[in-house]
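Novice: Mind folding the following:
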Amino acid sequence: SQGMIETARTNATRVADSLEPSIEAGRDVVVIEPSDLAAFRREYERLLPADRAENLAENSYEIMEYVYGLLGNGADTAVLEGGADVAYHSHCQQRTLGADAYTEEVLSKLDYDVVTSDVECCGMAGSFGYKSEYYELSMEVGDTLREQFEGETDRTLVASGASCHEQLGSLFPRESVHPIELVAPR
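Specialist: Alright, predicted model coming up:
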C-alpha cells in the first residue's frame, strides 16, 4: 500500500525461504494476524514465482481457521475455554478471505454467546489509523463500531487483528483479546 514493491518482494522471498523447509517437512503455517494470511493468499502471487506463492498459500491458515479444522477432525474441545459472552469484531482482511466464519463457528461450538459486529472496518484500516494525519478520520470511522458495541459492557471485547485491538483500545475503556486468547488462555 506504500508503493514499496521491491521491498515487499524482498520480504516475501525471505518469508518463503524461512517457511518452505517447514512446509516441505509436512508442517502447516499458522498465523495469528489475518493480514499475514491475506498476504500469503492474495499478495504473494504478485511478488513470488507462482509455484512458491501457491505452496505458501495452500499450506497457511489463520489460527481460528486451524482450530476449526482441528475440531472438525475430532480434536477434544475440553482443552478449550467456552461459555462466555463476547462482542466480536473480525479483521477486514479476515472478512475478505471468508476466515471470519471459522472464528464465529469455533466460538459457537464452544458455547460462547457472540454479538458480532456488522461493521466492515473498525476505522484503523491496516496502517491508515496509525498515521497522525488520519487519526481523527480513523476515529470517526470507528464510531460506528463503538456505537454498535456501546451497550455490550458486560461482554468481553474480541478482535482478530492487531490494528483492530489498537482501535478498540482507543474506542473503549476496557481491553480486548484475540480469539485464541479467549479460547486457549493457557
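Novice: biggest helix in the chain by residues?
Specialist: helix 5-24 (DSSP state H).
Novice: Mind checking what helix or strand follows it in sequence?
Specialist: Remark: after helix 5-24, the chain's next helix or strand is strand 29-31, criterion DSSP states H and E.
Novice: Give the pairing partners of that next one; include direction for each.
Specialist: Here strand 29-31 is paired, per DSSP bridges, with strand 60-62 (parallel).
Novice: what sits up against the partner strand?
Specialist: Contacts to strand 60-62, defined as CB atoms under 8 Å, 6 or more residues apart in numbering, come from residues 28-32, 34, 36-37, 40-41, 69, 94, 97, 99, 102, 160. Every C-beta, even on glycine, is put in place using the N, C-alpha and C of the backbone.
Novice: What is the lowest-pLDDT residue among the residues you listed?
Specialist: Least confident by pLDDT among those: that is Gln94, with 82.
Novice: Now do the contacts for that one.
Specialist: Contacts of Gln94 by CB under 8 Å, 6+ apart are 34, 37-38, 62, 100, 103, 160-161.
Novice: The residues you listed into TSV, with extra columns for secondary structure and distance to Gln148?
Specialist: Below are these laid out as TSV (DSSP: H, G, I helix; E, B strand; the rest coil; distance: CB to CB, whole Å):
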residue	secondary structure	distance to Gln148
Pro34	helix	20
Leu37	helix	25
Ala38	helix	24
Glu62	strand	23
Asp100	helix	15
Thr103	helix	17
Ser160	coil	16
Gly161	coil	17
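Novice: Now the two most distant members of these.
Specialist: Ala38 and Thr103 (14.9 Å; CB to CB).
Novice: And these two? Which one has more around it.
Specialist: Ranked by neighbour count (other CB atoms under 10 Å), Ala38 and Thr103 place Thr103 first, with 29 against 21.
Novice: Let me know whether that one touches Met64 as I believe.
Specialist: Yes - Thr103 is within contact range of Met64, at 4.0 Å (criterion: CB atoms under 8 Å).
Novice: Show me the common contact partners of those two, please.
Specialist: 160, 179.
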